[in-house]
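In: I'll drop the sequence and a predicted model, then ask my questions.
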Amino acid sequence: MKVKQGVGKNSIGLQSVKSTSRYVIQDKSVRKRDDDDADKNLARKIMQNKQYSVSGQADDEYDYEDGPSRMSRKKGGGQGHRDAEKDIRPKRILTQQERCQFCFENPNRPKHLVVSIANFTYLMLPQWEPVVAGHCCILPMQHEAATRTIDDNIWDEIRNFKKCLIMMFAKQEKEVVFLETVMGLAQQRRHCLIECIPLPQEIAKEAPLYFKKAIDEAEDEWSQHNAKKLIDTSQRGLRRSIPKDFPYFHVEFGLNRGFVHVIDDEKQFKSSFGLNVIRGMLGIREEDMYRRRRYESMELQKQAVSTFARDWEAFDWTKQLD
């Protein structure tokens, strides 16, 4: 699959890529004839491999656990011991793609929210109520934990989406703030997600000061050590600013300026932090800042996708993919 050069006035260089990476490995079913032995084998696998464990504690502000779950299939009373024995059978282990609603191969993902699809990434509107009109998200197709550790081909596509979103919103006299919160790396439950928030230019100019102040003021509550509070990524970029496998909060103001904060205590850090700063900048009432994110009806979401797609049409770089 080859990529043509150029997007409007700003060409975006892309290397030739193959679409064979678009699809992830299909999940395998656990099927055994002997029920008792199968139960023992399954229990042993779960104990030996942590990736099969599913935490009952949902990530704050993110409903990744809304997908299919391993629910028991208990039958009603009246059948006695025989029905009880039928229920003692091995349950198929859910793959990461089935648990995560942002994995592109999950059949239950909200397809109606997808706006644009590339080779390794896609653009969608949020599943929850947007902070502002135009609020959207960039995600890799496969289950990646953070942009800090993704492959170059995924990194390049995310940059292409960012560039084109910046151009699209510039036409509306807006600037874009990009947010990424990376936590729970050991569990690999959270899908890499970059939230893109368009702001009026006069408000966006103040965004760096707002975020710096918010992080400095809250640092005493988060940090257990005297780590550097805020790292400017303007010169070195995200990848050269922090090591791999560190939880972090990253905010970018356009493409060439940003801050990254290494999260020292994940229990204290709210995954809604970045959006709450945006809400504060926009003067949203305080009682609305810390509520859980509300979902909208599918009809409203489809209308929002249609409106966004009309604006995105002239800047959609994925149309250049053969």
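Out: All right, it came through fine.
In: So which elements touch the top helix by length along the chain?
Out: Counting by DSSP state H, the longest helix found in the chain is helix 152-170. Helix 152-170 is packed against strand 121-124, strand 136-140, strand 174-182, strand 194-200, helix 298-312, with contacts defined by 3 or more C-beta pairs under 8 Å, 6 or more residues apart in numbering; DSSP states H and E. The C-beta positions use only the backbone N, C-alpha and C, and glycine is treated the same way.
In: now for those, which one comes closest to Asn276?
Out: Checking the helices and strands packed on helix 152-170 against Asn276 by C-beta to C-beta gives strand 174-182 as the closest, at 10.6 Å.
In: Just the CA atoms of the closest one, as PDB, please.
Out: Output in PDB follows, covering the C-alpha atoms of strand 174-182 (Å, rounded to 0.1, in the frame of the first residue of the first chain):
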ATOM      1  CA  LYS A 174      -8.800  28.000  16.500                       C
ATOM      2  CA  GLU A 175      -5.700  26.200  17.800                       C
ATOM      3  CA  VAL A 176      -5.400  22.600  19.000                       C
ATOM      4  CA  VAL A 177      -4.200  21.300  22.300                       C
ATOM      5  CA  PHE A 178      -3.300  17.600  22.300                       C
ATOM      6  CA  LEU A 179      -3.600  15.600  25.600                       C
ATOM      7  CA  GLU A 180      -2.300  12.100  26.400                       C
ATOM      8  CA  THR A 181      -2.400  10.400  29.800                       C
ATOM      9  CA  VAL A 182      -0.500   7.200  30.200                       C
END
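In: What's the separation between the residue nearest to Lys302 when sequence neighbours are not counted and Phe120?
Out: Nearest non-adjacent residue to Lys302, counting by C-beta to C-beta, 6 or more residues apart in numbering: His112, 5.7 Å away. Using C-beta to C-beta, to the nearest Å, one obtains 22 Å as the distance from His112 to Phe120.
In: more crowded one of the two?
Out: Phe120 (22 against 11; other C-beta atoms under 10 Å).
In: what's the distance between that one and Val182?
Out: Phe120 sits 18 Å away from Val182, going by C-beta to C-beta.
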